[in-house]
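> Quick one, what's the 3D model for this:
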Amino acid sequence: EQALEAFNDLVRRTLPQAFRNALGRVPFQLKHYLAFSLARNCPWMIDYWAKLAYGTEPRAVLVDSLAVLFPTFTVWILMLVAITTLPSYRLHLTGWRSFAW
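Numbering: from 1, shown residues only. This next block holds a predicted model:
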């Protein structure tokens, strides 16, 4: 029990800083990326849930909803982080040719 609590405390203290060091300067917080991702994918979820009123099997709606939730919380957030951090790697409008060549 003590070892598990000590490990949890260590992870809570070191993991956020490790992510900051790995990602570099990120212009938004995670909650902002999550909001962007949900705004993009929630209309699909609402469409899937509306299928219940037309007799679609609840199991199929659940599978479709989970198929949208997975990329919402993983792929889209990582893609948004990558897109917003690229400018910090010296991809200026005046210097992109030197970077590419």
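
> And for stretch 64-72, what's in contact with it?
37, 38, 40, 41, 44, 45, 48, 49, 51 (C-beta atoms under 8 Å, 6 or more residues apart in numbering). For glycine as for every other residue, the C-beta is placed from the backbone atoms N, C-alpha and C.

> wouldn't the fourth one be in contact with residue 77 here?
Same thing as residue 41. No: when contacts are counted by C-beta atoms under 8 Å, residue 41 is not listed as touching residue 77 (10.7 Å).

> which residues do those two both contact?
Counting by C-beta under 8 Å, 6+ apart, nothing touches both residue 41 and residue 77.

> follow-up on the earlier one: of the contacts of stretch 64-72, buried ones?
Buried members of those, scored by 16 or more other C-beta atoms under 10 Å, are 37, 41, 45, 48.

> what helix or strand does the nearest residue to residue 44 once chain neighbours are set aside sit in?
Leaving out its chain neighbours, the residue that sits closest to residue 44 by C-beta to C-beta, 6 or more residues apart in numbering is residue 68, at 5.0 Å. If you go by DSSP states H and E, residue 68 is part of helix 58-73.

> pull the CA atoms of that helix into PDB?
In PDB, the C-alpha atoms belonging to helix 58-73 read as follows (Å, rounded to 0.1, in the frame of the first residue of the first chain):
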ATOM      1  CA  PRO A  58     -28.900  -0.100 -29.000                       C
ATOM      2  CA  ARG A  59     -25.900  -2.300 -29.300                       C
ATOM      3  CA  ALA A  60     -25.100  -0.900 -32.800                       C
ATOM      4  CA  VAL A  61     -25.600   2.600 -31.500                       C
ATOM      5  CA  LEU A  62     -23.200   1.900 -28.700                       C
ATOM      6  CA  VAL A  63     -20.600   0.500 -31.000                       C
ATOM      7  CA  ASP A  64     -20.900   3.500 -33.400                       C
ATOM      8  CA  SER A  65     -20.600   5.900 -30.500                       C
ATOM      9  CA  LEU A  66     -17.500   4.200 -29.100                       C
ATOM     10  CA  ALA A  67     -16.000   4.300 -32.600                       C
ATOM     11  CA  VAL A  68     -16.400   8.100 -32.500                       C
ATOM     12  CA  LEU A  69     -15.300   8.500 -28.900                       C
ATOM     13  CA  PHE A  70     -11.900   6.800 -29.400                       C
ATOM     14  CA  PRO A  71     -10.500   9.200 -32.000                       C
ATOM     15  CA  THR A  72     -12.100  12.100 -30.200                       C
ATOM     16  CA  PHE A  73     -10.000  11.500 -27.100                       C
END
